[in-house]
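Student: My questions concern the predicted model and sequence given below.
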Amino acid sequence: MARRATTGREEAIAVRGLVKHFGDVKAVDGIDLSVLRGECFGLLGRNGAGKSTTIKMLIGLLPPDGGSASVQGHDLFTDAQRLRASIGYVPQSLSVDAVLTGRQNLDFFGRLYGLAGADRRRRIPEILEMLDLADAADRPAGTYSGGMIRRLEVGQSILHRPPVVFLDEPTTGLDPVARASLWSYLGLLRRQFGTTLLLTTHYMDEAQQLCDRIAIMDKGRIVALGDLAGLRRAVGMPGASLDRIFVRLAGRAQSEEGNLRDVQRSRRNAKRLA
Amino acid sequence: MSNAAAATPNASPEASGTGGVPGFLASVWTIVQLESLKILKDPAEIASRSVQPALWLLLFGEAFSRSATLNTGGVPYLAYLTPGILAQAVTFVSIFNGLSIIWEKDMGLMQKILSTPITRTALVLGKMLSASTRSFFQLLVVTALALALGLRFEWGVGRVLGILALTVLGSSFFTGLSMILASIVRTRERMMGIGQLATMPLFFASSALYPVAAMPPWLRAFSRVNPMSYLVDGLRGLMLSPGSTGFAVDAGVLLGLGIAALAVATWRYPKLLL
């Protein structure tokens, strides 16, 4: 990649021709991606564009039907366990255990990542402090607000200091204050640990605020990729907002707005986090 | 970036303690502890689950022992029934464990757990083994009630250990079976239905309530391939038979079935995610 050559930075995520079919539907239809180390990369697209499916393949939850991918140099097909050890994942849906306390939720994930007891005892209070959860650490996560739950979920995924963190619609269902606060924590994460972030979102302001580069997906394909200036050039709309670029690229006259399952899922998540 | 590289060492499973046999066992133990912790956080659930076996013993057992003309080999019917009710309790709490797996899938917790370096086998085995925590409480309640009713059983350290081992093997196998069913039916509603459907033939076509000799030949043939029969026979042998208990055969069959269930459930597990 040109950018890689000019900056000399290595790739954190490399994707070549990745494909996933569900029956006749091409959920992901041969995409190429190169995310640099330390970069925040945004995947935008409408419901069903293939964003979540892409993430699920990259973290080893869904076997791809074709193509290749690696994260931090670990190949998805031959080195999946090492790949998973070097990533954190914050899924779209709720992933804390409501009956366990914040601290127990963190401890559990620390153990799943194979962190030794001494490391966990040192890092868990640090992370609780960093994410402003120290006061609530010993309360069941079921009593947390939506913003606190998301922070706890981020905490679970960074305990082992992964070089790459995947976030699937991290702020869907959060109120504007909680969203802004999550952004600042993600910023902190990048500054403190140089973590590479790959996130999906429906919010253009979020992508513009957080991401160095953005890929817009539509029907399983990447239809544009670059920073804001690059995207503007690509669509020939100087000075356009990301919103307008997005509508131009992905908003063709389409009547379908995701199926019942998408609606059900996003509303359920919104309700849980409210 | 150089700071970041130092702060985020290239995590590998070996370095982080999730590789090899010790790592595998540690992962299994983590899951067992987590699940047990969750079970113990809800004593009301444990108590309410003990009511049904208690009622079987008190209502059905007391009434049936007065009217039955079954040949139970000189053992009072209530004593004969006790291991049957124990096996029933273990089977019935375990066969519905698939419900919580579907719940975790719907929430997103399972996807997050599977994005860690833990192997699917370790996760499935941990879940199978942790079902014993619930079963131990059933064992405690049923045994205490039986003793309070003045029933007499064979005692010995070996016998008690054997009963505990059969409880672990039985609840592990039926939990594994439940996970396989969960991966097929995929919704909680259908899982409730299929669980209830499964419990009837398992229970009534075993020797839990009456000796196999009292059955017509076709039912007797079915009871021979019914896994629950081996749990009942094993428990009954240890609790009531003064001489040879037949433990090895019953435990061996349940162990074999458990390993098969582990293999199939591990293979099916990723399909739950789609």
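Tutor: Perfect, I can see it now.
Student: mind checking how far whatever residue of chain A ends up closest to chain B is from residue B:117?
Tutor: Closest residue of chain A to chain B, CB to the nearest CB: residue A:194 (2.0 Å). Any C-beta I mention is one placed from the backbone N, CA and C, and that applies to glycine too. As judged by CB to CB, to the nearest Å, residue A:194 and residue B:117 stand 22 Å apart.
Student: number of nearby residues for residue B:214?
Tutor: 15 (other CB atoms under 10 Å in any protein chain shown).
Student: hang on, it packs against residue B:72?
Tutor: No: Residue B:214 lies out of contact with residue B:72 (CB atoms under 8 Å); the separation is 9.8 Å.
Student: Could you give the bridge partners of the most centrally placed residue in chain A?
Tutor: The centroid of chain A falls nearest to residue A:167 when counting by CA atoms, centre = their mean (2.0 Å). Going by DSSP bridges, residue A:167 is paired in beta bridges with residue A:90, residue A:199.
Student: tell me the contacts of it?
Tutor: Listed by CB atoms under 8 Å, 6 or more residues apart in numbering or on different chains, the contact partners of residue A:167 are A:90, A:154, A:186, A:197-200.
Student: Residues contacting stretch A:225-234, please?
Tutor: Stretch A:225-234 is contacted from outside by A:33, A:208, A:212-216, A:224, A:238-240, A:242, A:245, using CB under 8 Å, 6+ apart.
Student: residue ranges for the helices of chain A, please.
Tutor: A:2-7, A:51-58, A:80-85, A:102-112, A:117-130, A:146-158, A:176-193, A:204-210, A:228-235, A:242-250, A:260-273 (DSSP state H).
Student: which parts of the fifth one are buried?
Tutor: Pointing back at helix A:117-130 there. By 16 or more other CB atoms under 10 Å in any protein chain shown, the buried positions in helix A:117-130 come out as A:119-120, A:123-124, A:127-128, A:130.
Student: Take these and lay them out in JSON lines including distance to residue B:33.
Tutor: Formatted as JSON lines, those follow (distance: CB to CB, whole Å):
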{"residue": "A:119", "distance to residue B:33": "18"}
{"residue": "A:120", "distance to residue B:33": "14"}
{"residue": "A:123", "distance to residue B:33": "19"}
{"residue": "A:124", "distance to residue B:33": "16"}
{"residue": "A:127", "distance to residue B:33": "21"}
{"residue": "A:128", "distance to residue B:33": "21"}
{"residue": "A:130", "distance to residue B:33": "26"}
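Student: Go ahead and confirm residue B:57 touches residue B:85.
Tutor: Yes: using CB under 8 Å, residue B:57 makes contact with residue B:85 at a distance of 5.3 Å.
Student: shared neighbours of those two, anything?
Tutor: residue B:142.
Student: the more surrounded of the two?
Tutor: Neighbours were counted for residue B:57 and for residue B:85 using other CB under 10 Å; residue B:85 has more, 27 against 23.
Student: Which positions in the stretch 101-250 of chain A make contact with chain B?
Tutor: Residues of the stretch 101-250 of chain A that fall close to chain B, judged by CB under 8 Å from any CB of the partner chain: A:104, A:108-109, A:111-116, A:153, A:156-157, A:160-163, A:192-195.
Student: go with 10 Å
Tutor: Proximity of the stretch 101-250 of chain A to chain B, by CB under 10 Å from any CB of the partner chain, involves residues A:104-105, A:107-116, A:119, A:140, A:153, A:156-158, A:160-164, A:166, A:168, A:190-196.
Student: What about the closest residue in space to residue A:33 that isn't next to it in sequence, how many residues nearby?
Tutor: Leaving aside its sequence neighbours, residue A:33 sits nearest to residue A:15 (CB to CB, 6 or more residues apart in numbering or on different chains; 3.9 Å). For residue A:15, the neighbour count with other CB under 10 Å is 23.
Student: Next, find the distance separating residue A:15 from residue A:190.
Tutor: For residue A:15, the distance to residue A:190 equals 21 Å [CB to CB].
Student: now residue B:60
Tutor: From residue B:60 to residue A:190 the distance is 64 Å (CB to CB).
Student: And these two? Which one has more around it.
Tutor: The neighbour count for residue B:60 versus residue A:190, taken as other CB under 10 Å, is higher for residue A:190 (18 against 13).
Student: What is the burial count for residue 96?
Tutor: Assuming you mean chain A. Number of residues near residue A:96 (other CB under 10 Å) recorded here: 27.
Student: that's the wrong chain, I meant chain B
Tutor: Residue B:96: 23 neighbours (other CB under 10 Å).
Student: And the pLDDT at the spatially closest residue to it that is not a sequence neighbour?
Tutor: Distances taken as CB to CB, 6+ apart put residue B:195 closest to residue B:96, at 4.9 Å, once the chain neighbours are dropped. With respect to pLDDT, residue B:195 scores 92.
Student: What of residue A:259?
Tutor: Here, the pLDDT recorded for residue A:259 equals 68.
Student: The one 10 residues further on too?
Tutor: Predicted confidence (pLDDT) for residue A:269: 68.
Student: And the one 4 residues further on, by the same measure?
Tutor: Each residue has a pLDDT score; the one for residue A:273 is 63.
Student: isn't residue A:55 right up against residue A:45?
Tutor: No: Residue A:55 lies out of contact with residue A:45 (CB atoms under 10 Å); the separation is 11.6 Å.
Student: who touches both of these two?
Tutor: Residues touching both residue A:55 and residue A:45 (CB atoms under 10 Å, 6 or more residues apart in numbering or on different chains) are residue A:200.
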